[in-house]
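K.L.:
Quick one, what's the 3D model for this:
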Amino acid sequence: KPVDRNEVELRVRNLLQTRDLHLDLTRRLAQRSNDLERAEIEIARRLAAAAELRDYGGEEHTQRVGRVSALLAGTLGLPPRRVDAIRHAAPLHDIGKIAIPDSVLLKPESLTLEELELVKQHTSIGARALSGSGSSILQLAEEIALYHHENWDGTGYTPGLARTSIPLVGRIVSVADSLDALVNDRPYKRAWPEHEAIEFIRDQSGAKFDPDVVQALVVLHASGELARAQLPDEESVKLFPLPLPYL
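P.N.:
Okay, here's the model as predicted:
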């Protein structure tokens, strides 16, 4: 005071320009963040697809495990962003199988003790393959790869690791992966009806599986959402539009 009109107009103009630049920078950063997240999801999906092609000739197993894991996480009350991350990270649970010989991985009969020990290494191999990433999805996938074969009672791949000492994502994917193995054909078995698979998993509640995760599975089965999660994923068709022999 007294006010210089020209100076006030100049300062207001400069402040408005600064605000416009800030808003434009914020929009650019948000767009870049979205682009990076989409790239992370794309990388995770293609890694999972590559591993699954060696195992069962298609990626639907990995994507079904991702969908069911996300449903379980949501039913357990995890935040939506965490649920979404699990949806994209869980399909990488078996990435370590790329290091297991086909003669063992695709063997149609029971494995020997030596072969079983070799297969067990896929958890640590997968975790090592995913370690050191700056991607939040791949970091979560590393944790899932390492812990998805742990048992609630401590009899899993890491002796003594039990109950809530096992990361929750590992306990969730353990149930989702086991369910998918039961209700789909494998080289060594025929598919089970869903209700029989649910009963089997319920019988293992408190032993192999986290009781809370099993209860979430029962809820999803009763609601019909679990059956819908078994349907083919449309996005997988975009990745592999041709029949497998033409790849």
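K.L.:
SS state for D20?
P.N.:
Judged by DSSP: H, G, I helix; E, B strand; the rest coil, the three-state class of D20 is helix.
K.L.:
Give the burial count for it, as a bare number.
P.N.:
10 (other Cβ atoms under 10 Å). Just so you know, the C-beta spots here come from the backbone N, C-alpha and C atoms, and that holds for glycine as well.
K.L.:
Ramachandran angles for the nearest residue to H149 once chain neighbours are set aside?
P.N.:
Spatial nearest neighbour of H149, excluding adjacent residues (Cβ to Cβ, 6 or more residues apart in numbering): Y157 at 4.5 Å. Y157 adopts backbone torsions of phi -70, psi -30, taken as degrees, to the nearest 10.
K.L.:
show me where the protein has helices.
P.N.:
5-55, 60-75, 80-89, 102-105, 113-120, 122-130, 136-147, 168-183, 194-203, 211-223, 225-228, 234-239 (DSSP state H).
K.L.:
and the fifth one, what does it pack onto?
P.N.:
On a contact count with 3 or more Cβ pairs under 8 Å, 6 or more residues apart in numbering; DSSP states H and E, helix 113-120 meets helix 102-105.
K.L.:
just the first one next, same as before
P.N.:
Contact here means 3+ Cβ pairs under 8 Å, 6+ apart; on that basis helix 5-55 packs against helix 60-75, helix 80-89, helix 102-105, helix 136-147, helix 234-239.
K.L.:
Now with 6 Å, please.
P.N.:
helix 60-75 (3 or more Cβ pairs under 6 Å, 6 or more residues apart in numbering; DSSP states H and E).
K.L.:
Could you check the angle the helix it packs on makes with helix 168-183?
P.N.:
130 degrees (axes from the mean of the first three to the mean of the last three Cα atoms, to 10 degrees).
K.L.:
List the contacts of helix 60-75.
P.N.:
Outside helix 60-75, the residues within contact range by Cβ atoms under 6 Å, 6 or more residues apart in numbering are 48, 52, 83, 86-87, 90-91, 172-173, 176-177, 180, 213, 216, 219-220, 225, 229, 233, 236.
K.L.:
Any figure for the gap between the closest residue to D84 other than its chain neighbours and A229?
P.N.:
Excluding the flanking residues, the one nearest D84 by Cβ to Cβ, 6+ apart is A70, at 7.2 Å. From A70 over to A229 the distance is 9 Å, taken as Cβ to Cβ, to the nearest Å.
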